[in-house]
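Participant: take this sequence and fold it.
(chains A and B)
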Protein chains: 2
Amino acid sequence: MTKGIDLRKLGEFGLIDRIAQRLPAGAGVALGIGDDAAAFAPAPGQLSLITTDMLVEGIHFDLSYSDPLSLGKKAMSVNLSDIAAMGGKPRHYLLSLAIPPAITLDFLDTFISGMLSRADQFGVQLIGGDTCSSSGPLVLNLTVLGEQSPDLLVRRSGARPGDQICVTGTIGDSALGLRLLRQGDRQGVAIERHLDPVPRVLEGLALAEATIPSAMIDLSDGLSADLGHILDLSAVGARIYSETLPLSDTFREHFPTVTAEALSLALAGGEDYELLFTVPPEKIPLVFSLLEKFGTPVAVIGTITAENTRAVIGSDGREISLNKKGYDHFSSRD
Amino acid sequence: MTKGIDLRKLGEFGLIDRIAQRLPAGAGVALGIGDDAAAFAPAPGQLSLITTDMLVEGIHFDLSYSDPLSLGKKAMSVNLSDIAAMGGKPRHYLLSLAIPPAITLDFLDTFISGMLSRADQFGVQLIGGDTCSSSGPLVLNLTVLGEQSPDLLVRRSGARPGDQICVTGTIGDSALGLRLLRQGDRQGVAIERHLDPVPRVLEGLALAEATIPSAMIDLSDGLSADLGHILDLSAVGARIYSETLPLSDTFREHFPTVTAEALSLALAGGEDYELLFTVPPEKIPLVFSLLEKFGTPVAVIGTITAENTRAVIGSDGREISLNKKGYDHFSSRD
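Facilitator: Numbers count the residues shown, from 1 in each chain, chains lettered A, B, ... in the order given. Next comes the predicted model:
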């Protein structure tokens, strides 16, 4: 096992070079790693999209159960997911790393392998970054750039009364996985969903290019909180039907009946990185036919309302009380 | 004094909103803070430039002597300096913050004031970011975007034998200021240069638009290391004349004779954020006339050579031995 001391011998410039040597040759990059700034040519007529996410050891991940390969993939995925939620095509990214002495070169190489493999999967290229040492936790910051035509961009603010509320895949698995990890489990579908979520880049792009969603967001803070962002910015309300929430077989094995605890995990657990979007009712058939091509399940879970209500309706027809906050990084996690 | 607890009450969304409320209305921004990604319209025919820098408490700054206003300005300046070194026009930026519990809202508000004031000074706009808590040091990551025509961009790789080596302003002040801060001093020109360097954005842009420099870099790691980057990428050598190095009155007060220690601070101290650039000899008069308009001093400190030598020539004509590494973030600072 390579020791941390070698990282300091390698130095800042060595580490950047080490990453740069592993990159494929850059299509569409005017100037990549190695100058004061990177330069790239935006596609004519397209808007540039940009998103950034910081991941801090001890807050967003725990090295006692996050392996470096998954961590590299996840750091990339959470940013790609933001581009997906705009209906954008991701193109480039930058990586900043603050590295504590305990991190080994082996760890870093494996982390970078994970990041590069997820980047390759979606055709995005590393064009710059910064590395430094940290006196505390490992800190990663990724910035991902993408593009889309101005008329195809999907914002959070476009939901209209009568629109149906759709969500891809299943929800609550990541939060369940985190709980299992903290209980000492190390394997299983839910844990995999937490450690290595795959962003819905192709689905988001296809939905946008078919001009289907009126509003879209990715599920990072929990369905309840993320739906709240759409409702706030669209100045509308919503009714969600609890029995329509898409729950995985794994989730149902852990919760054979959907208890309040299960509902809380599904609605407020966060980090599912599924797409939540609203659709005019006449376009719902298009949603199913389009996502079927990707083999991606989709569920219609409720309706946008004109009045400013946020109701979750249980299977008995009664409204369920819900903490709308979801996951907030300044509060404690559970 | 507001306590850190209020930050947790305010929450992640509250902090982003708090910053967004202080922003001027966005010219040229299609979509600013508040959606999954920001969107901006690149100027037609221009390359987009992007640079990122991570600043870690205890590594890049020390809160025992870095006040939050200067820290906000410096975080912005070091990124703007990279765009300046490409001859680019800075336009947009993103901020990521990992905030430990000890940081107060007052601190953050003042930090943001510093960042916004330096941003306003150079016409750049905040379009996105991420905030989270930190279990360790305060960590800042800024990403700055700019633009320039492909034919006007100044790279590190264009230096040619016979080109003259120029540097704006004075060097070594920041390293001297850091030393004085560590000795307990809190005021003075050198300390100001360390805590609040002003990037040469206007100078870099004007030099590029006049197609004067053959290569350019900003002085972040120290003249010796940064010149080394130009030499490496241009596959050339250099002769620097020590008596031509531009040293401030403050620097000369501390070092009435230019000792080996003084030379080390000036050449390897880092964080001057001046521009180092190479110029074909016939364009040297243009350098002086152009920079005079900005009131910015410039010095010609040496010559690019065909052979792969890196020599510093002393006032007695003899070559001075020099550690070419400059400042490396994985090594210790002194």
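Participant: what segments of chain A are strands?
Facilitator: With strands called from DSSP state E, chain A shows them at A:29-31, A:38-40, A:47-56, A:89-99, A:125-133, A:139-148, A:164-168, A:215-218, A:237-241, A:275-279, A:298-305, A:310-313, A:319-320.
Participant: give me the low-pLDDT residue ranges for the stretch 1-150 of chain A?
Facilitator: Low-confidence segments of the stretch 1-150 of chain A, defined by pLDDT under 70, are located at A:1-17, A:24-28.
Participant: find the closest residue to chain B in it.
Facilitator: Among the residues of the stretch 1-150 of chain A, residue A:136 lies closest to chain B, at 2.1 Å counting by CB to the nearest CB. All C-beta spots, glycine's among them, are computed from the backbone N, C-alpha and C.
Participant: hang on, the earlier thing: redo the strands of chain A as JSON lines? Include mean neighbour count and distance to chain B.
Facilitator: Below are the strands of chain A laid out as JSON lines (neighbours: other CB atoms under 10 Å in any protein chain shown; distance: least, CB to the nearest CB, whole Å):
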{"stretch": "strand A:29-31", "mean neighbour count": "19", "distance to chain B": "5"}
{"stretch": "strand A:38-40", "mean neighbour count": "25", "distance to chain B": "4"}
{"stretch": "strand A:47-56", "mean neighbour count": "26", "distance to chain B": "4"}
{"stretch": "strand A:89-99", "mean neighbour count": "26", "distance to chain B": "4"}
{"stretch": "strand A:125-133", "mean neighbour count": "24", "distance to chain B": "4"}
{"stretch": "strand A:139-148", "mean neighbour count": "27", "distance to chain B": "4"}
{"stretch": "strand A:164-168", "mean neighbour count": "24", "distance to chain B": "15"}
{"stretch": "strand A:215-218", "mean neighbour count": "28", "distance to chain B": "6"}
{"stretch": "strand A:237-241", "mean neighbour count": "19", "distance to chain B": "18"}
{"stretch": "strand A:275-279", "mean neighbour count": "27", "distance to chain B": "10"}
{"stretch": "strand A:298-305", "mean neighbour count": "20", "distance to chain B": "18"}
{"stretch": "strand A:310-313", "mean neighbour count": "18", "distance to chain B": "16"}
{"stretch": "strand A:319-320", "mean neighbour count": "14", "distance to chain B": "23"}
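Participant: out of those, flag the one nearest residue B:199.
Facilitator: strand A:125-133 (16.3 Å; CB to CB).
Participant: note down every partner strand of that closest one and its orientation.
Facilitator: If you go by DSSP bridges, strand A:125-133 pairs up with strand A:89-99 (parallel).
Participant: close to chain B: what parts of the stretch 101-250 of chain A are there?
Facilitator: Counting by CB under 8 Å from any CB of the partner chain, the positions of the stretch 101-250 of chain A adjacent to chain B are A:127-137, A:139, A:141, A:143-146, A:148, A:150, A:153, A:155-157, A:216-218, A:233.
Participant: quick check: closest non-adjacent residue to the residue of the stretch 1-150 of chain A closest to chain B.
Facilitator: Nearest non-adjacent residue to residue A:136, counting by CB to CB, 6 or more residues apart in numbering or on different chains: residue B:136, 2.1 Å away.
Participant: ok, residue A:292 - how many residues close by?
Facilitator: Residue A:292: 11 surrounding residues under other CB atoms under 10 Å in any protein chain shown.
Participant: per-residue confidence for it?
Facilitator: pLDDT recorded at residue A:292 is 98.
Participant: gap between it and residue A:284?
Facilitator: Distance, residue A:292 to residue A:284, using CB to CB, to the nearest Å: 13 Å.
Participant: all helices of the stretch 201-334 of chain A, in order?
Facilitator: A:201-209, A:223-234, A:249-254, A:260-268, A:284-292 (DSSP state H, counting those that start in this stretch).
Participant: would you check that residue A:167 makes contact with residue A:219?
Facilitator: Yes: counting by CB atoms under 8 Å, residue A:219 is a contact partner of residue A:167 at 7.3 Å.
Participant: leaving out the residues flanking it, which one is nearest to residue A:42?
Facilitator: In space, residue A:42 is closest to residue B:42, 3.9 Å off (CB to CB, 6+ apart).
Participant: so who does that neighbour touch?
Facilitator: Residue B:42 makes contact with A:42, A:48, B:48, B:147, according to CB atoms under 8 Å, 6 or more residues apart in numbering or on different chains.
Participant: and those residues as TSV, adding distance to residue B:172?
Facilitator: What follows is those, written out as TSV (distance: CB to CB, whole Å):
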residue	distance to residue B:172
A:42	39
A:48	39
B:48	34
B:147	33
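Participant: distance of residue A:97 from residue A:138?
Facilitator: Distance of residue A:97 to residue A:138, computed by CB to CB: 8 Å.
Participant: enumerate every residue touching the closest residue to residue A:127 other than its chain neighbours.
Facilitator: Once flanking residues are discounted, residue A:127 sits nearest to residue A:38: 3.9 Å by CB to CB, 6+ apart. By CB under 8 Å, 6+ apart, the contact list for residue A:38 reads A:29, A:31-32, A:92, A:94, A:127-128, B:49-51.
Participant: let's go with 6 Å and repeat that
Facilitator: A:31-32, A:127-128, B:50 (CB atoms under 6 Å, 6 or more residues apart in numbering or on different chains).
Participant: so residue A:315 makes contact with residue A:243?
Facilitator: Yes: contact criterion CB atoms under 6 Å: residue A:315 and residue A:243 qualify, at 4.6 Å.
Participant: just to revisit the earlier point, worst mean pLDDT among the helices of the stretch 201-334 of chain A?
Facilitator: For these, where the average pLDDT is lowest is helix A:260-268, sitting at a mean of 92.
Participant: what angle do it and helix A:223-234 make?
Facilitator: Going by axes from the mean of the first three to the mean of the last three CA atoms, to 10 degrees, helix A:260-268 is angled at 40 degrees with respect to helix A:223-234.
Participant: in helix A:260-268, what counts as buried?
Facilitator: A:262-268 (16 or more other CB atoms under 10 Å in any protein chain shown).
Participant: and which of those is nearest chain B?
Facilitator: residue A:268 (14.2 Å).
Participant: from residue A:261, how far out is that closest one?
Facilitator: 11 Å.
Participant: same thing with residue A:94?
Facilitator: Applying CB to CB, the value for residue A:94 to residue A:261 is 40 Å.
Participant: ok, now residue A:122?
Facilitator: 35 Å.
Participant: assess the claim that residue A:35 and residue B:156 are in contact.
Facilitator: Yes: when contacts are counted by CB under 6 Å, residue A:35 is listed as touching residue B:156 (5.2 Å).
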